[in-house]
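Sequence first, then the predicted structure, then my questions.
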Amino acid sequence: MHRFILLFIVLMTGCATAPVAVQRPLQADAPFAFNGRVSVKQGEQRESAGLRWVHSEAEDEILLLAPLGQTVARIRRDVHESTLDTSDKHYSAQDMQTLMQQVLGWQLPLSGLRYWVTALPAPDGEAQIERNANGQVSVLRQQGWEIQFSRYAADNKDALPLRLGLKREGMEVTLLIDDWEAR
């Protein structure tokens, strides 16, 4: 009986793994990937979608997902162009923000957001930063946006954010990050 209990304990200990902590990258514009949700409020218009974003310096791929996980739109950026694909149409433009506005009727501030999602200011333009007691960014103001960071993955200074609220001139964006992937 004691051998059985010992074997059970060894097996259960072997199955328990600690979650991998993904830390904020040291340099700006580092590769990242996450899954989450986004909601946009612009005047009377309200939109929400699931979100999958894979970023590298050379390209981005953003999937906007319906509630059951179907891809509603696929947005890609590379060094040559930006494209947006829906189930039946293909669009292209020079930048992702313009393309989203033209096709979806709303846009995310993607040129800055690719830095802000990791709690870093974009390299272009002045930024005002407020920090919480843990040394984490609590508010970032840049490019006419106020970004509030209300939840992080951990309490340490270099933890990645899980909840961001962006506000600018009649537009509010809430970004909830469910999980970060190490890159």
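Cool, the structure landed.

How about residues contacting stretch 156-171?
Under the criterion C-beta atoms under 8 Å, 6 or more residues apart in numbering, residues 21-24, 40-43, 106, 109, 113, 116-119, 134-137, 144-153, 172-178, 180 lie in contact with stretch 156-171. Where you see a C-beta, it was placed from the backbone N, CA and C, and this is true even at glycine.

ok, and for it, which residues are buried?
Taking 16 or more other C-beta atoms under 10 Å as the neighbour-count basis, stretch 156-171 is seen to contain the buried residues 159-162, 164-167, 171.

Please identify which of the residues you listed is nearest to Gly69.
When the buried residues of stretch 156-171 are ranked by distance to Gly69 (C-beta to C-beta), Leu162 comes first, at 20.2 Å.

Direction included, what does the helix or strand harbouring the closest one pair up with?
Secondary structure assignment for Leu162, by DSSP states H and E: strand 161-168. When sheet partners are counted by DSSP bridges, strand 161-168 sits next to strand 145-152 (antiparallel), strand 171-181 (antiparallel).

for the residue most central in space within the chain, what are its contacts?
Centrality entry for the chain: nearest residue to the mean C-alpha point is Val117, 5.1 Å, by C-alpha atoms, centre = their mean. Val117 makes contacts with 32, 34, 53, 161, 164, 175, 177, as judged by C-beta under 8 Å, 6+ apart.

For these, could you give me a markdown table that also reports pLDDT and distance to Glu59?
Conversion of the contacts of Val117 to a markdown table gives the following (pLDDT from 0 to 100; distance: C-beta to C-beta, whole Å):
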| residue | pLDDT | distance to Glu59 |
| --- | --- | --- |
| Phe32 | 93 | 13 |
| Phe34 | 96 | 16 |
| Trp53 | 95 | 12 |
| Pro161 | 96 | 23 |
| Leu164 | 98 | 22 |
| Leu175 | 97 | 20 |
| Ile177 | 97 | 20 |
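
Let me have those residues in CSV, extended by distance to Leu99.
Putting these into CSV (distance: C-beta to C-beta, whole Å) gives the following:
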residue, distance to Leu99
Phe32, 21
Phe34, 21
Trp53, 15
Pro161, 26
Leu164, 22
Leu175, 19
Ile177, 23
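
For this protein, just list every one of the helices.
Read by DSSP state H, the chain holds these helices, from start to end of the chain: 2-15, 96-104, 110-116.

Give me the buried positions along the last one.
Neighbour-count burial for helix 110-116 flags 110, 112-116 (criterion: 16+ other C-beta under 10 Å).

same check, this time on the second one
Along helix 96-104, these residues count as buried under the neighbour rule (16+ other C-beta under 10 Å): 96-97, 99-100, 103-104.
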